[in-house]
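A.B. asks: Below is the structure, and that's it, no one-letter string:
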């Protein structure tokens, strides 16, 4: 239970929407759900602001579904990353209202009682259409965490005018996440245009000498644009969390 949800629980008791008994039941829940082969951390949201998220690769669909059921039992909403079609089917049986973003390989069920209006502005900038799986993983992760998130597609440096045509959108962003493969030059260009934090995501897109994203990663780590932060190759989830946290620091602002 995150601080925000704890506050809402106490407000629910105050406003007679939640009974004292139900509040006590939620507060008395054990901090770890022990499934024998997995231990679900129910207090991660309280400590870190982000509840436990399921990483599906390497897990059987039934295992993913069992973890999801334990998470949902505590009302944290649901986010599962690197989910294949079989994982998504299993999760939809547990959470029928969950949405499967197939290209992003991400299953999301909105966190309960979150404010209806997203806050701030996270702008996800994708170099090319081959980067879309990672771009969408960033986008939907940040949205799940309550950030107003928008995207600019196919604005890589091979046609720089495509990016420069959106300078107003770049200037309005609170955080920009720049996603690129091949030589990974896009974050350096973005970093030279904006005053807000820039999170760079190298992707594994590219021909042989891109070395599965290593070339883009090294290029981004060696950027001459000051203050660009780099996450691991194809780590759209990590970039989405980082962007949402930065976005939330300044609090809500008018759209």
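C.D. replies: Everything's here; your move. Remember, predicted model here, so these are calculated numbers, not experimental data.
A.B. asks: Residue 149 belongs to a strand, doesn't it?
C.D. replies: Yes - per DSSP: H, G, I helix; E, B strand; the rest coil, residue 149 lies within a strand segment.
A.B. asks: Next, give phi and psi for the most centrally placed residue in the chain.
C.D. replies: Nearest residue to the geometric centre of the chain (C-alpha atoms, centre = their mean): residue 141, 2.2 Å. When quoted as degrees, to the nearest 10, the phi and psi of residue 141 stand at phi -70, psi -50.
A.B. asks: That one and residue 134, how far apart?
C.D. replies: 11 Å (C-beta to C-beta, to the nearest Å). For the C-beta atoms, the positions are set from N, CA and C on the backbone; glycine is no exception.
A.B. asks: Give the intersection of the neighbour lists for those two.
C.D. replies: residue 236 (C-beta atoms under 8 Å, 6 or more residues apart in numbering).
A.B. asks: What's the biggest strand in this structure, counting residues?
C.D. replies: Using DSSP state E to define each element, the chain has its longest strand at strand 119-126.
A.B. asks: strands paired with it, and their directions?
C.D. replies: Counting by DSSP bridges, the strands paired with strand 119-126 are strand 147-152 (parallel), strand 175-180 (parallel).
A.B. asks: Residue 214 is in contact with residue 233, isn't it?
C.D. replies: Yes - counting by C-beta atoms under 8 Å, residue 214 does reach residue 233; the two are 7.2 Å apart.
A.B. asks: So for these two, which sits in the more crowded spot?
C.D. replies: Neighbours around residue 214 and residue 233, counted as other C-beta atoms under 10 Å, are more numerous at residue 233. The numbers are 19 against 15.
A.B. asks: from memory the more buried one sits against residue 219, does it?
C.D. replies: No - here residue 233 does not reach residue 219: they are 11.9 Å apart, not a contact under C-beta under 8 Å.
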